[in-house]
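J.: test case, fold it:
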Amino acid sequence: MIRQKFSQLPVVCAALVLLGACAASHKISYLQDVTSGVQQKVTNTELVTAMPGDKVSIVVNSKNPELADMFNLPVVTHRAGQSMNNTYSQSQQVSSYTVDSEGNIDFPVLGKIRVAGMKREQISATVKKQLVDKNLVNDAVVIVEFMNMGVSVMGEVSRPGRFSIDRDYLTLLDALSMAGDLTIHGKRENVLVIRKENGSETLYRVNLCDSKSLYTSPVYYLRQNDLVYVEPNEVRARQSTVNGNNVRSASFWMSLASVLTTISVLIFK
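T.: Numbers count the residues shown, from 1 in each chain. Model prediction:
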């Protein structure tokens with residue numbers, strides 16, 4: 001009887017491991033509560049806006065290029081690398097304005113212009129209005145681009161790093177996609193977003209498995225300098241030991257079952 005119980009131990013341990021795997025599988029899929037055709041309202045629809053420290057490119061165009069050039073910063077030429085004949089290849093960069101601590105930029109002729117909290121189109125409209133109202137460039141076309149904005153993604157993703165914001169908005173899902181998506185060991189139900197607000201850092205938790213948690217979150221649309229951190233799940237935490245074998249790991253129980261089986265065979269041989 002004792003020998004029979006010992007012989008069944010590996011089967012029991014294997015069953016427990018499979019049950020644990022099945023229990024964790026429901027934590028992998030995103031937006032599990034979404035059904036086809038159902039609309040989910042996004043409560044936070046803020047676009048990216050300029051903030052102190054940001055770099056903003058503003059280019060004024062006109063039918064009179066010489067007139068427009070008065071309001072454009074010079075194009076910077078820098079050395080991109082050394083060629084075979086000891087000369088340097090040249091590349092050009094559009095110069096940009098840095099938003100100061102008070103939220104202003106120093107624009108040619110117009111002077112200080114407040115841009116903090118403005119979207120690209122709002123900055124463009126503000127500059128154009130001043131140029132036209134002051135009879136400086138009546139046919140001005142103002143193009144605005146944000147130069148150095150980005151978000152950081154770290155933790156259990158395929159390609160952690162800092163990624164540029166190249167559009168007027170960037171969602172949390174966009175940022176995770178740019179980072180190559182979560183690994184199988186990423187905790188999808190508890191993604192952390194750290195945002196600097198009013199001189200302090202605010203922490204937000206988002207459950208990617210639940211559409212309401214995601215779409216109603218204040219960080220569904222990310223802002224520049226947001227940091228997204230994906231925590232490791234329990235499986236990854238168990239693997240953080242020196243050899244991956246602790247009392248909670250599957251490998252531990254499988255090793256234990258193997259040892260007990262060997263002992264039972266030796267005892268009742």
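J.: where does the prediction get shaky in the chain?
T.: Residue ranges of the chain with pLDDT under 70: 1-27, 33-38, 76-94, 236-257, 259-260, 262-269.
J.: mind listing the strands in it by residue range?
T.: 55-61, 76-82, 88-93, 97-98, 104-107, 111-114, 141-146, 150-155, 161-164, 191-197, 200-206, 227-230 (DSSP state E).
J.: and the ones you listed as TSV, adding distance to Asp133 and mean neighbour count?
T.: From N, CA and C alone the C-beta is placed, and that goes for glycine too. Formatted as TSV, these follow (distance: least, Cβ to Cβ, whole Å; neighbours: other Cβ atoms under 10 Å):
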stretch	distance to Asp133	mean neighbour count
strand 55-61	14	19
strand 76-82	30	10
strand 88-93	31	10
strand 97-98	20	18
strand 104-107	14	17
strand 111-114	13	14
strand 141-146	13	18
strand 150-155	35	20
strand 161-164	34	14
strand 191-197	34	17
strand 200-206	39	13
strand 227-230	41	21
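J.: a markdown table please, covering those and showing distance to Ser258.
T.: Output for the strands of the chain, formatted as a markdown table (distance: least, Cβ to Cβ, whole Å):
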| stretch | distance to Ser258 |
| --- | --- |
| strand 55-61 | 61 |
| strand 76-82 | 59 |
| strand 88-93 | 62 |
| strand 97-98 | 64 |
| strand 104-107 | 69 |
| strand 111-114 | 71 |
| strand 141-146 | 59 |
| strand 150-155 | 34 |
| strand 161-164 | 41 |
| strand 191-197 | 37 |
| strand 200-206 | 40 |
| strand 227-230 | 34 |
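J.: minimum distance to Gln40: which of those has it?
T.: Closest of the strands of the chain to Gln40 is strand 200-206, at 14.0 Å (criterion: Cβ to Cβ).
J.: that closest one pairs with which strands, parallel or anti?
T.: Using DSSP bridges, the strands paired with strand 200-206 are strand 191-197 (antiparallel).
J.: isn't Ala68 up against Ala140?
T.: Yes. The pair Ala68 / Ala140 is scored as a contact, 7.4 Å apart, by Cβ atoms under 8 Å.
J.: quick check: neighbours shared by the two?
T.: Here Ala68 and Ala140 have Val60, Asn61, Ser62 as joint contacts, going by Cβ atoms under 8 Å, 6 or more residues apart in numbering.
J.: got a list of what Asp226 touches?
T.: Contacts of Asp226 (Cβ under 8 Å, 6+ apart): Val151, Ser152, Ala175, Val193, Ile194, Arg195, Val219.
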